[in-house]
Structures are given as C-alpha cells and as structure tokens.
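Enquirer: pasting the structure only:
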C-alpha cells in the first residue's frame, strides 16, 4: 500500500495499538526546559519511578533566561528557582543539561538541530508547541503537555491517536523579498489559525526543496499556528549535509546506514492525503500580521480587511483590531512602531541574522525604535561574530544580546510595554504575548530590519 | 496519578462566547514560573479578569456573580496556541470540570483529558443554543453524561451526543491515567526500544 512520509515514520514507532483508543507511541528524543518539566519530575517522585532512558532526554534552559549579563546570578527568584530545578532534576536522573552560561546553551529547538540530536525518521517531543520545528529534518516532532513529559520520562512513550494527513504544496518562484517566514504566514492566513487542527502536515513542492535547512525549520516551526500538531519535510541531501559530523549525529558506518534509511523516507507517488492545499509561490508577498492571532496576516502592501470579508465572528475580529489600535481598511505601510525583536525558535538562526544585517548594513537604527537582537543559541552568537555580522549590526547602532526565548513570550525582563507596537520575528501575536498590553506585528527578519532602520512599517523590498 | 472520577455533571455554566481563546489568555506566560502545581486558578484569564492595578475588570464574566458553575462554555477554537498544561490546570483549579466548545485546539484538548477536565465538542448550533439559554437565564442547568456521551440543556431538553474514544472515556470515569497503563507495559516498551536505531 502506498504510504506517506508521515505514515512511514509514525508506523515505525507504534509499540501497541489500543482498540478504540490512542497508539502507544515511542519517543526517540525528548527535550526539556525549565518551565514545563518541574511538575513532571514531581510526578515521578510521587510515583517513586525513575527516568527509563535518561540518554534520550536533553535539557536546555531557555524560556526564563535573561539575555544580558548571563554570568551574573538570575535576579528574579522564581526564574532562578525554575532554572535550579532543571539543573537539579537533570543531575538526579543523569540527563544532559546545557544550563545558562554553558557554551551549548540556547533555545531547545535551535540547539537540537545544531548538535545533531534532531534526526530524520525520529520521533521528537518537548513540552513546547514549537517542537514542530524539528519536522524540517523529516522527523515527527510535536509539543506535549506536562503529563506527557512525565510519561516520556517514566516510559519513553506517550498515548497518541494518529492525526489525519494534510499536504501543502507550494510551487513556483518566490518573489523578491519573500522568504520562509512569509511563506508560512501566507499559508496560515489562508488556512486560518484553526484550519490545520487534527492534521499533521507535509510541506512539499519546489519552494521547500530549494529552501535552506534554516528556512525549513522556520516553516515547520509555525505549523502549530494553523492548529496542526506538526509539519515535516522529506529529508534530502541538504538535510544530510547539515547533520553530518554534528555532535550527536551517527558516525562512520552508522552514518552510512542511517543515510541509506533516511533516503527511503518520502511519500509514495500515489499516496493519499486527507486534505491537500496547493499554493502558487508568486501569490506571496512579504507578510505582516495586523491582529491578535497568526492567521490575521496580509501582504505588506495590502489594507486591513473589513470585518465582513473575514471568516468567523465579526465581534471577535473587531475586538482584536481594537486591541491593536487599528481600523478596518488601514494601510499598513507607514504605521509607526516602537520595538523590534529579532530572535526566537522561529527566526533566531544564523540565516535570520544574515538577512537582518543585509538590510541594516550602511544604515542606522531609527531613534524611536528599541531593538532586541537575540540569537537562538551560543553557537549562533559565535557564528554572528565569526562572519563579521556583529560589526555590521554595531555600526548600524544595534546591540547583540545573549541567547534565550526572550521577548517571544516575555517571561524574562524583555517585555514590550502596554500599548507599544513591536515588529517581531517570533511566532505569536496573541494579546499580551510580549508583555501585558503589548501589540505584536509578526514578520520576517528583513521586514523587522526595514522597520528598525526607518521607525515605521516599511516594505523591505524598497531597501533591497 | 489518579485524578477525580467523572461520571455525570449537572451544573450551571459560565459563558465566554469569544473565538480563538488562546492559552496566553487562559494563563499568561509570566505566571508559569511555579515549580509545583498550585495557585493557577487565581491567574485564570488574568489579563481579561484584572486591570494592571489588580482591580477586577467589572465587565469580564468571571467577575460577574450572575454567572457561576463547573462548566465553561467557550467560543470556536478554544485553547489554541501553546502546549502549556498550566492552561488546563488553571481551568481545573478555578473549579471547572468540563469545557464546552464547537471546536478545540488539539494540545489543549489532550491536556484537559490528561488531568480530568472533560472537553465536550458540540455543533456550532448547539453551542449557540447554550449561549442563548444562558443569556436568557444564567442559572440554566446543563447535564454532561459521560457514560452516555450526551450533553443536555435541562431547561429545554435539547440534547446532543459528543465523541470521546473508549480508552479515554474509561480513564475519565475511573480516574485512571496514562502512566498507570504505560507502567504496566514497560517490558514491551524495553523490547521495542532495543530495535530503535537511534
């Protein structure tokens, strides 16, 4: 029978099928961070069970970490307490821990791939919805709740009903100024924030084949924003080249054997999906969001849609625009902004910093803009310095901060004040996401760069 | 860890007819710093419920004593966003035992089932009927019968069936959790793990 990439990986991990119930699903790799793991470890202690396979779990501190002065003690006692709990739990159970200040530390979804922990054909979970990022390598990767974190620690399995399958094909040539973030925001604007619910997505078509691994990670990262549990892309030579030689990637004969297997991980020509969406790449413009969910996105040259032209309730839509301080029919270009955030598991990789630097090179940060440039990991931070990007950023008036999730969810001090507008390369524009009362406009790194140097929303193509 | 058993729940309900209620609204990230599962109910819908000076927002439904009960009725696509189980904990700790919506986000739904809050997915028409009935009479009683998989508006007798897989239903009725099940098949899991290439 013809099967999809998703079927091949899923079916290889089913330990038991429960009749009229979920599959008992084996997890190859498990990431933990300080926020969603402490209660899971308490659960283990209460049950008096230990971690079954500590070598399959990897800890990195990211959600709560400060992005300046990381060598100093963490000031917020609650954050410090969570970071300590992660360190203690990792030590107790023999789990690898890349804590604050460790040279491998960073956002779990950035450090996983850069250390070869993420592999094609693997199943990967983490108590974080953006675990979908790892699907870029042809892995089945998705976010789980804390009860499930406890299950994985105790038994290396979770209970999951198999989702339905959707394929999203994007073919054609992307226009100037259109990158992976724009492709993803465009898809979400078409499907809405709930259109992918119940599905696991495969991204296919020449646009994804030609995309870099960093770009594929950005796209898969945002799968959850259309409601899908995750998204994946068939592994290819680019995937293998990215992984070869990385810390945890197989070596020698094991590598050769692994690649031979990974090459079989593709959807059969006549396999059937429960839903399929075809998108013409030329329809996509540089994107910006104007509302309070990631589905509320438009091309930068467009006006904010009328309530009667959007799907769903007009009341909810108007509430959203009121929160943003926007009106129907508003033009986006020229809107003043206050903050720019470059970073997060969506856009905190080297390619994102290269793109940002390309735009700000030879220009100056606008005086009215506060900019937070936060690399996804220390490895990314080091690469920014090696490639000379730091000099370009510094020359343009920007400061590079230290790695972490930062203003994406504002658990640390990087909070956008109430009423202020932030052009953010992160993944969610929910009310208060970047601080109570903050107003988030999601965009690509070059859109963020264009806003950072002009102080207003600007079509980045004008600066290219 | 066993949790409360769920059989038949009869209660008035709190209406929240807003679409796409995301987990950042249910519990903002800045309240996720606890290392124990305590006190999340106080911060349920924190920024919709309180002003920045911590005074209650009078027009928010949780601050309106007209509405109460163990059932929360939300708009379409309830619980979208993050995987934080804290959102389900906040709903539970506040005192809700069931959430009704015409559409749930996946992870939130799964988290609810894992901690003993029953997500009840109804048709958009039935959700409208519930909102209307509560608007007319805030003390309107709903009955959620898990063994029969039905939800009934007791004032009118209007009834609908809802879906839940047999395994989860049995867990909810008996207060079992998944780890109990998985622990009992550890030998099978170990055997399986030995076959994994990485």
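Expert: All right, it came through fine. What you see is a predicted model; the values in this text were computed from it and never measured.

Enquirer: for the closest residue to chain A within chain B, phi and psi?
Expert: Using CB to the nearest CB, the closest approach of chain B to chain A is made by residue B:167 at 2.7 Å. C-betas here are computed from N, CA, C, even on glycine. Torsion angles at residue B:167 (phi, psi; degrees, to the nearest 10) stand at phi -60, psi -50.

Enquirer: next up, the contacts around it.
Expert: A:18, A:20-22, A:159 (CB atoms under 8 Å, 6 or more residues apart in numbering or on different chains).

Enquirer: between these, which has the most around it?
Expert: Tallying neighbours with other CB atoms under 10 Å in any protein chain shown puts residue A:159 at the head of the contacts of residue B:167, with 25 neighbours.

Enquirer: if we can go back for a sec, in TSV: the contacts of residue B:167, plus pLDDT.
Expert: Below are the contacts of residue B:167 laid out as TSV (pLDDT from 0 to 100):
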residue	pLDDT
A:18	97
A:20	94
A:21	96
A:22	97
A:159	97
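
Enquirer: which pair of the residues you listed spans the longest distance?
Expert: Greatest spatial distance in those: A:20 and A:159, 12.7 Å, computed using CB to CB.

Enquirer: buried residues in stretch A:96-104?
Expert: For stretch A:96-104, burial by neighbour count (16 or more other CB atoms under 10 Å in any protein chain shown) applies to A:96-100, A:104.

Enquirer: distance across that stretch, terminal residue to terminal residue?
Expert: 11 Å (CA to CA, to the nearest Å).

Enquirer: list of residues touching that stretch?
Expert: A:55, A:57-61, A:65, A:70-71, A:74, A:83, A:86-87, A:90-91, A:105-106, A:111, A:115, A:377-379.

Enquirer: identify the residues contacting residue 192.
Expert: Defaulting to chain A. By CB under 8 Å, 6+ apart, the residues touching residue A:192 are A:226-227, A:295, A:311-312.

Enquirer: chain B, not that one
Expert: A:15, A:26.

Enquirer: looks to me like it is in a helix.
Expert: Yes: according to DSSP: H, G, I helix; E, B strand; the rest coil, residue B:192 belongs to a helix.

Enquirer: quickly list what residue B:14 is bridged to.
Expert: Here residue B:14 sits in beta bridges with residue B:72, going by DSSP bridges.

Enquirer: what number of residues are in the vicinity of it?
Expert: 22.

Enquirer: my guess is it contacts residue B:69. True?
Expert: Yes: using CB atoms under 8 Å, residue B:14 is in contact with residue B:69, at 5.8 Å.

Enquirer: tell me which stretches of the stretch 201-350 of chain A form helices.
Expert: Remark: helices assigned in the stretch 201-350 of chain A by DSSP state H, counting those that start in this stretch are A:206-210, A:213-221, A:237-243, A:252-262, A:314-324, A:344-347, A:350-360.

Enquirer: now do the shortest one: everything it contacts.
Expert: Contact with helix A:344-347 is made by A:107-110, A:130, A:133, A:181, A:218, A:221-222, A:374, A:376, A:405-406, A:408, A:424-427, A:444-445, as judged by CB under 8 Å, 6+ apart.

Enquirer: one more: the second one?
Expert: Counting by CB under 8 Å, 6+ apart, helix A:213-221 makes contact with A:109, A:113, A:130, A:132-137, A:141, A:179-181, A:183-184, A:203, A:208, A:211, A:230-233, A:238-239, A:242, A:345-347, A:349-352, A:427, all of which sit outside it.

Enquirer: chain B contacts on the stretch 251-400 of chain A?
Expert: Residues of the stretch 251-400 of chain A lying near chain B by CB under 8 Å from any CB of the partner chain: A:257-258, A:261, A:293, A:312-313, A:315-316, A:319.

Enquirer: distance from the chain centre to the biggest helix by length in chain B, please.
Expert: Counting residues, the longest helix found in chain B (DSSP state H) is helix B:124-136. How far helix B:124-136 lies from its chain's middle: 18 Å, per CA atoms, centre = their mean, to the nearest Å.

Enquirer: helix or strand for residue B:52, which one?
Expert: Element membership of residue B:52 [criterion: DSSP states H and E] is none; it lies in no helix or strand.

Enquirer: and if you look at residue B:180?
Expert: helix B:178-183.

Enquirer: counting contacts, what elements does that helix pack onto?
Expert: With contacts defined as 3 or more CB pairs under 8 Å, 6 or more residues apart in numbering or on different chains; DSSP states H and E, the packing partners of helix B:178-183 are helix A:146-155, strand A:157-160.

Enquirer: kindly recompute the last result at 6 Å.
Expert: helix A:146-155 (3 or more CB pairs under 6 Å, 6 or more residues apart in numbering or on different chains; DSSP states H and E).

Enquirer: is the helix it packs on up against chain B anywhere?
Expert: Yes: using CB under 6 Å from any CB of the partner chain, helix A:146-155 reaches chain B at A:146-147, A:151, A:154-155.
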